[in-house]
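Participant: Return atomic coordinates for the entry below.
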Amino acid sequence: MKKTYRMFCMMGMAAVLAFMSSSCKKNNEQNGEITLMVPEFEEVMGDPSEAGRAYIDFTDGNKFKWNEYDEVMVYNIDATEGTNTKKAIYRSKANAEDKETAKFYFHNGDQMGTKIDHFFIFYPTCKIVNGIAHLDKDNFETFDVPAVQNYTLESRPSASGATIEFPTLDPTSMAMACEVDKLTQAFRLKHVFGAMRIRLFGVEGTMVDKIEIIENNPAILNNLTGTATLKLHEVEMAEFTDLQNTYNLATLADGTFLDAWNTYRTRLGWSANGTGNMLTLNCHTTERPNGVALNTLSETNFYLSMRPGALINGFTMKVYYNGLAEPQIIDKYNHQQDSFCIRAGICTSFAPQETVIGE
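Facilitator: Okay, the predicted model is just below:
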């Protein structure tokens, strides 16, 4: 993905495949090309009191672009006997650079042949722990979400022809998926994760090394990072959509959501190995050895990709600055609030500062 799409824990991991609903039609498919379109993001304010400053600023509205040699995993699922399920990596070419719609070509793996039960498409392939390896008889697949994401800048020509850079999501942090009836038709992927945007001011010379988001431990979804394993063929889009739409503090409190989720995850065969409730955005990269600069005239934007359902129970933010031993601790969001909740395809924006950092 054009330096934009380059955790799966509990509901977030189920969401990975929730956009791949079932179909039983049979089609003869050749290992030729598939045409993929990228989805857009919407934006909301995590705290309504900060309203009036929300905007999507990925330069070209809320659109994302493919990068050359991006890869997706294509599954031809046999729901009865997973060892028959086929997997193949499809890769874009150099001309996919900066395109919203791009063609992907067979690169490695199994020949797709005739559709068995389901065609699943998943991006990015780096999230798939076992890579191109075949599935077991129950179609179990394992996905990974690391604890660290990297601050990323994307370059793009402006209307005047000059090249500009702007912050965006770590290209390895996002996840998209969908199901299609035929691999020969063009289709749009769907977001599996949501995004968190943090907007900071600072005096000139203030450099950010990293930002940590520490989620309060909720009763159900208590990990931001780790791995999870589930049966690909048991995911139902409609059921997951209903679950996500009913996920709020009230249904968590009265047990409604927990009852529905337990039923769903039992069928999924879901298991997870959570690694923690902290997600780190590393700003001290090779491209920026001194970190990311803040300024007083405009907000600097920092983006993190997160699983759906994160942050609803509140969180603490720690901002680390170059040359300072102790971080700035921002705890204004350290309480339960429905609007904090991360949702698939939504960029939830937080603008925490009432005073300028560095003063």
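Participant: how about the helices in the stretch 1-150 of the chain?
Facilitator: Counting by DSSP state H, counting those that start in this stretch, the stretch 1-150 of the chain has helices at residues 11-16.
Participant: That one: strands as residue ranges?
Facilitator: For the stretch 1-150 of the chain, strands defined by DSSP state E, counting those that start in this stretch occupy the ranges 33-37, 42-45, 71-77, 86-92, 101-109, 118-123, 140-145, 148-150.
Participant: In this structure Asn313 contacts Leu224, no?
Facilitator: No - Asn313 is beyond contact range of Leu224, at 11.9 Å (criterion: CB atoms under 8 Å). Where C-beta positions appear, they are placed from N, C-alpha and C, glycine not excepted.
Participant: More neighbours: which of these two?
Facilitator: Between Asn313 and Leu224, counted using other CB atoms under 10 Å, Leu224 has the larger neighbour count: 27 against 23.
Participant: Need the pLDDT of the more buried one.
Facilitator: Confidence at Leu224, expressed as pLDDT, is 88.
Participant: thinking it is in contact with Ala272, fair?
Facilitator: No - look at Leu224 against Ala272 with CB under 8 Å: they stay out of range, at 11.9 Å.
Participant: what's the straight distance from one end of stretch 224-240 to the other?
Facilitator: Length of stretch 224-240, first residue to last, CA to CA, to the nearest Å: 19 Å.
Participant: start at 73 instead
Facilitator: Sure, I'll start numbering at 73, so the last one becomes stretch 296-312.
Participant: From the chain's centre, how far out is that stretch? Work that out for me.
Facilitator: 14 Å (CA atoms, centre = their mean, to the nearest Å).
Participant: In it, which residues are buried?
Facilitator: 296-309, 311-312 (16 or more other CB atoms under 10 Å).
Participant: now do stretch 351-366
Facilitator: Under 16+ other CB under 10 Å, the buried positions of stretch 351-366 are Leu351, Thr352, Leu353, Asn354, Cys355, His356, Arg360, Gly363, Val364, Leu366.
Participant: Could you pick out which of these are located in strands?
Facilitator: Among those, DSSP state E puts Leu351, Thr352, Leu353, Asn354, Val364 in strands.
Participant: Tell me which two of the buried residues of stretch 296-312 sit farthest apart.
Facilitator: Leu296 and His305 (27.2 Å; CB to CB).
Participant: Share the number of residues neighbouring Gly277, please.
Facilitator: 11.
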